[in-house]
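S.K.: I would like the atomic coordinates for the input below:
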Amino acid sequence: MIPAVIFCSVLIGILALYFLATALWLSPGSALKRRLQRLESDGLPEAVSVDAPGRLLREEHPFRQIVFRFPLLKRLENLMAHSGTSLSPPLFVVALALTSVSVFFSVFLWFGKPLVAIAAMTAVGCLPIVYLTHCKKRRQVKFEEQLPDALTMIARSLRAGHSLAAAVELIGREVPQPTGGLFREAYEQQQLGMRITEALGAMAGKIESMDLHFFLTIVRVNSESGGSLAEVLEKLAETVRSRLQVRRQVRTYTAEGRMSGYVLLALPVAVFVVFNLKNPKYMDVFFTVPECRLSLVAAAVAQAVGFLVIRKIVNIRI
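M.R.: So this is what the prediction gives:
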């Protein structure tokens, strides 16, 4: 009972500090301060490169400069940026580390087994990463669905005589998230002094999309060489719509393969859990005999490899 009380107390304290720091981080005053500090550190608008997109809205505090130099934490920061979350990466890392450590000690005090505590800590640490990956994929799919209509709106706005900045403002105002939010941020950065091409180029670091790279390349080439940008964007919108249609057809054809992978992965685990609940003594051999432990680990590895192979087969990139 005492370990459970300790765990709940630590978890409540972590959540309280987390929500307090998040509220301070998301306040309008803090956002304006970070933006102005970033502009001051970059100097002229031309100094803002496309290789560092999205950093205009983030403050380079000492914790981030030290911790996020590690490749793994840098990938976590990029994952958070691509997932569209508004959380602070340093705050997320600290909260995740404290929660994992508290879970480890609580489970260890409750069961007294280090392996169980490590497994629980690993599961708790992986859940936010899995959730962020899911949010990233969902946001990417939604953006790619909205991009053709956004390109058509930009082309029609240009044909009506508006500038590219005005067309970007229209997308940010009329199109829902995530496309509208990305274009709105680009327009706000342009209002702060960045060139519109550089502000649009910063979108590449906030979401992964091949179609977006095509759009950014067209805008950059058009700004240097000229031409009918509206006509090119209309053709790009038609191409993107055709790719989306082919992608939907492929997902329909591979639905059976994906479902087979999920069933083959979940069925042995479900049978093992049911047998363990119905007759625990019958399954104790897998936890007491060394050879059975190895067979259990080998079966789990084989299941994971088979699922990854099936997923690789049905995951056809268009």
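S.K.: any stretches of the stretch 51-200 of the chain with poor pLDDT?
M.R.: Along the stretch 51-200 of the chain, segments meeting pLDDT under 70 span 51-70.
S.K.: switch to 50 and redo it
M.R.: Along the stretch 51-200 of the chain, the model assigns pLDDT under 50 to residues 51-59.
S.K.: can you give me the helices in it?
M.R.: 62-67, 71-83, 89-111, 114-159, 164-174, 179-191, 196-201 (DSSP state H, counting those that start in this stretch).
S.K.: got the angle between the fourth one and helix 179-191?
M.R.: When axes from the mean of the first three to the mean of the last three C-alpha atoms, to 10 degrees is applied, the directions of helix 114-159 and helix 179-191 differ by 70 degrees.
S.K.: check which helices and strands helix 114-159 sits against.
M.R.: Secondary-structure packing of helix 114-159 (3 or more C-beta pairs under 8 Å, 6 or more residues apart in numbering; DSSP states H and E): helix 71-83, helix 89-111, helix 164-174, helix 179-191, helix 210-225, helix 229-253. For every residue, glycine as well, the C-beta is placed using N, CA and C.
S.K.: hang on, the earlier thing: I'd like the helices of the stretch 51-200 of the chain as a markdown table, with mean neighbour count and distance to Arg251 appended.
M.R.: Formatted as a markdown table, the helices of the stretch 51-200 of the chain follow (neighbours: other C-beta atoms under 10 Å; distance: least, C-beta to C-beta, whole Å):
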| stretch | mean neighbour count | distance to Arg251 |
| --- | --- | --- |
| helix 62-67 | 12 | 38 |
| helix 71-83 | 16 | 21 |
| helix 89-111 | 18 | 32 |
| helix 114-159 | 16 | 10 |
| helix 164-174 | 18 | 27 |
| helix 179-191 | 20 | 21 |
| helix 196-201 | 22 | 29 |
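S.K.: domain ranges for the chain?
M.R.: If you go by automatic domain parsing, the domain ranges for the chain are 2-138, 140-252, 254-314.
S.K.: okay, which residue is most central for the protein?
M.R.: With distances taken as C-alpha atoms, centre = their mean, Ser83 lies nearest the centre of the chain, 2.7 Å away.
S.K.: neighbours around Phe287, how many?
M.R.: By the measure other C-beta atoms under 10 Å, the count of residues near Phe287 is 11.
S.K.: so what's it closest to, chain neighbours aside?
M.R.: Nearest non-adjacent residue to Phe287, counting by C-beta to C-beta, 6 or more residues apart in numbering: Arg293, 7.0 Å away.
S.K.: cool, and Met283?
M.R.: Nearest to Met283 is Asn276, by C-beta to C-beta, 6+ apart, at 4.5 Å.
S.K.: now name the helix or strand holding the one you found.
M.R.: helix 255-278 (DSSP states H and E).
S.K.: now the angle between helix 229-253 and that helix, please.
M.R.: Using the same axes, to 10 degrees: helix 255-278 against helix 229-253 is 50 degrees.
S.K.: please compute how far stretch 166-177 lies from its chain's middle.
M.R.: Taking C-alpha atoms, centre = their mean, to the nearest Å, one finds the center of stretch 166-177 at 23 Å from the center of the full chain.
S.K.: hmm, I was thinking of stretch 156-171
M.R.: Computed by C-alpha atoms, centre = their mean, the separation of stretch 156-171 from the middle of its chain amounts to 30 Å.
S.K.: what residues does that stretch touch?
M.R.: 150, 153-154, 179-180, 183-184, 186-187, 190, 196, 199-200, 219, 229-230, 233 (C-beta atoms under 8 Å, 6 or more residues apart in numbering).
S.K.: ditto for stretch 128-138
M.R.: Leu76, Leu79, Met80, His82, Ser83, Gly84, Thr85, Phe92, Leu96, Glu208.
S.K.: equivalent analysis for stretch 221-236, please.
M.R.: Under C-beta under 8 Å, 6+ apart, the answer for stretch 221-236 is 151-152, 154-156, 158-159, 164, 197, 211, 214-215, 218-219.
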